[in-house]
Each structure stands twice: as C-alpha cells, then as structure tokens.
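Q: Next comes the sequence, and after it the predicted model I'd like to discuss.
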Amino acid sequence: MTPSHRPSTARLLFASSHPGPTVTVTVLAAVIAAAVGRPAWLVVLVALTVVAGQLSIGLANDWIDADRDRTVGRSDKPVAQGLIAVGTVRTAAFVTAGVAVLLSVFLGPVAAVAHLVLVAAGWAYDAGLKRTVWSVVPFVVAFGLLPVVAVSAGPDGDWPAWWAIATGAVFGVAIHCTNVLPDLVDDAATGVRGFPHRLGLRGAGVTAFGALVVAALLVLGGQVLGDDAVGGAGVALAVLGAVVVIALAAAGVRLVVLGLASRTLFRLVIASSLVLVVELGLAGARLVA
C-alpha cells in the first residue's frame, strides 16, 4: 500500500478498537439512559464515558494480541497487517482509559464505580482471562453493570431493576460465546482455551442462544410482571420483542447445528440486544428499582 493510499492513523485506531461492539455497547447505554428519563446532557455524558471505556478495551485487545494476530494472519487487524505500530495502539488504549476514568467521575458515585469495574473487567479479559475457563466472567460482569451505569448516572444514583441487571449479565454469555466462535481454530493454534473453546462449536453456540432466550424472557417478565408493569400496547410490544429475539435465537441455533461459525452469529446477538433495548424504551417499562 502506497503512503498516499494508507488510511489515516485515526482510522486505523478506530479499526483497532473493535468498532462494531464499541458502537453497539455505547448505543445500548445511551438508549437505556434516555429510557429512564435522564436529561439530554446526561445521556450524552453516559455515551461519551462508555465509548471511551469501550475504545480502551478494544485497543488494549489488539495491542496485547498483536503477536498472536500476526501468527494467524488476521487480515482485519491493522496491527497484524503492519499498518500501525503496536506502540501507537498501546498509547491510545491508555489515553482512552484515562478519559474513561475522568468522565466516569462526573456520572455520580454509583455509576462511576460501576463503569470503572466494567472497564477493569474488559482489561482483565484482554490481559489474560480470555485464555482461561473464566473468560466468560468479565462479560457477565461488564454487561450486568451496563444497566447500572446508564440508570444510576446522575446525582440521585438510582438502581436498576434486578431483571435489567440479570438480562445484561445473561447477554454477556451470549455475546462472549458468539464473538469467539469464528476464531476457534486460530485461538487453538495460539493456545487460547477460554470458556467457549472448552464447550466446542455446538456447545458454545447452543449455550449462547439459550442465554439469548433467557434474556428475552427476563425482559418480558420484567415488563409485564414487574413493578409498574406495562399495559395495553406496551404488553403487545413486550411480547413482540420477545418473539423476535426468540426467532433470532432459533436462526442462530440452526446455523450452529449446521456447523457454520460465522460472524453472523455475533450479529444476531447484537441485533437482539438492540431489539430489546429499543422495545424497552418504547413500551415504557419501569427500569428503576
């Protein structure tokens, strides 16, 4: 690639930050904050804080895994392709982590602590937990805390409903398993044996989409049976959301049974998370405990 056609450093850093998950998690946090009635400035602050933390986690992943990604020839990793220096990605990871810490302070004490633990969980995964049977724990912790960050932001420090936290934690299992499935062969070649690897393609896939169904049922139950339950059109939206997510889970199980470990599996989980969080906002369920 000639210098005139080389992407800018900013673009290469963004590509190194796992942009898909980073943007999705940020959108989820912002929508939840808006759904519980946080003012616009606070929703923006939540989004900026979460995106900084997610950028740092993604950049740290590509920095720490640089040698492993080169070994397996990852064509989607700028560092592995030699397009950007490892040191540049490492510096960006620390800078964005610092920004995440600074912005967290302005969210209020409950949300700040929750977000710092969330980011620490992501870094712990990058730093070594991904190679162990405990690789799923950072995802359970991080996604379980995401509703806490969004709902607790502000001076009041409200706590989200228990089922919202449980839904996030269960989603963490689905996201981890489906994100890893396409890389099982590459990971095996470089000594990575996390939780999904030990279950195998079909075991991890069924676990992921089973968790997705549990998440859909938790949200449905929380909306129609929880405090200040929805009624009328809200019930219809709640049922529709659950049906859509269960259908997406069924499609995912079919792909897994056929042995198709593609990025489509991860996209099905991401799509499901967006369906549920948008549905929550439209149905008007009470997310605050």
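A: Okay, I see it.
Q: residues in contact with residue 257?
A: 202, 205 (Cβ atoms under 8 Å, 6 or more residues apart in numbering). Quick note: C-beta positions are derived from backbone N, CA and C, even for glycine.
Q: Output the lowest mean pLDDT helix or strand found in this protein.
A: helix 184-189 (a mean of 74; mean pLDDT, DSSP states H and E).
Q: Could you list every helix and strand in contact with the helix or strand that that one is followed by?
A: Next helix or strand after helix 184-189 toward the C-terminus (DSSP states H and E): helix 195-225. Other helices and strands packing on helix 195-225, by 3 or more Cβ pairs under 8 Å, 6 or more residues apart in numbering; DSSP states H and E, are helix 162-180, helix 184-189, helix 233-257, helix 263-283.
Q: Check the ones you listed for me: which has the lowest mean pLDDT.
A: When the helices and strands packed on helix 195-225 are compared by mean pLDDT, helix 184-189 comes last with a mean of 74.
Q: Show me which residues of it are buried.
A: 184, 187 (16 or more other Cβ atoms under 10 Å).
Q: In terms of secondary structure, what does that helix contact?
A: Counting by 3+ Cβ pairs under 8 Å, 6+ apart, helix 184-189 packs on helix 195-225.
Q: The helix it packs on versus helix 233-257: what angle between them?
A: With axes from the mean of the first three to the mean of the last three Cα atoms, to 10 degrees as the basis, helix 195-225 and helix 233-257 are set at 160 degrees to each other.
Q: tell me the mean pLDDT for helix 195-225?
A: 88.
Q: so how far is it off the chain centroid?
A: 14 Å (Cα atoms, centre = their mean, to the nearest Å).
Q: repeat for stretch 13-23
A: 12 Å.
Q: What lies in contact with it?
A: 7, 51, 54-55, 57-59, 61-62, 76-79, 84, 88-89, 92, 175, 179, 270.
Q: cool, and stretch 32-42?
A: 43, 46-47, 146-147, 150-151, 153-154, 158, 164, 277, 280-281, 287-288.
Q: now do stretch 58-72
A: With Cβ under 8 Å, 6+ apart, stretch 58-72 has contacts from 13, 16-19, 21-22, 77-80, 86, 89-90, 92-93, 96-97, 122-123, 126-127, 186, 189-190, 192.
Q: Helices - which of the residues you listed land there?
A: Under the assignment DSSP state H, the contacts of stretch 58-72 contribute 13, 19, 21-22, 86, 89-90, 92-93, 96-97, 122-123, 126-127, 186, 189 to helices.
Q: which element is residue 26 on?
A: helix 19-35.
Q: Emit the PyMOL select command for whichever of the contacts of stretch 13-23 are buried.
A: Here is the PyMOL command that selects only those of the contacts of stretch 13-23 that count as buried (16+ other Cβ under 10 Å):
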select buried, resi 51+54+55+57+58+59+61+62+77+78+79+84+88+89+92+175+179+270
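Q: May I see the helices and strands packed on helix 195-225 organised as CSV, with distance to residue 201 added?
A: Listed next are the helices and strands packed on helix 195-225 as CSV, based on distance: least, Cβ to Cβ, whole Å:
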stretch, distance to residue 201
helix 162-180, 10
helix 184-189, 6
helix 233-257, 7
helix 263-283, 10
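Q: Compare those helices and give me the one nearest residue 139.
A: helix 162-180 (3.5 Å; Cβ to Cβ).
Q: So what angle separates the directions of that closest one and helix 195-225?
A: Using the same axes, to 10 degrees: helix 162-180 against helix 195-225 is 150 degrees.
Q: Buried residues of helix 162-180, list them for me.
A: Buried residues in helix 162-180, counted by 16+ other Cβ under 10 Å: 163-180.
Q: next one: stretch 96-115
A: Within stretch 96-115, the residues that count as buried by 16+ other Cβ under 10 Å are 96-97, 99-101, 103-104, 107-108, 110-115.
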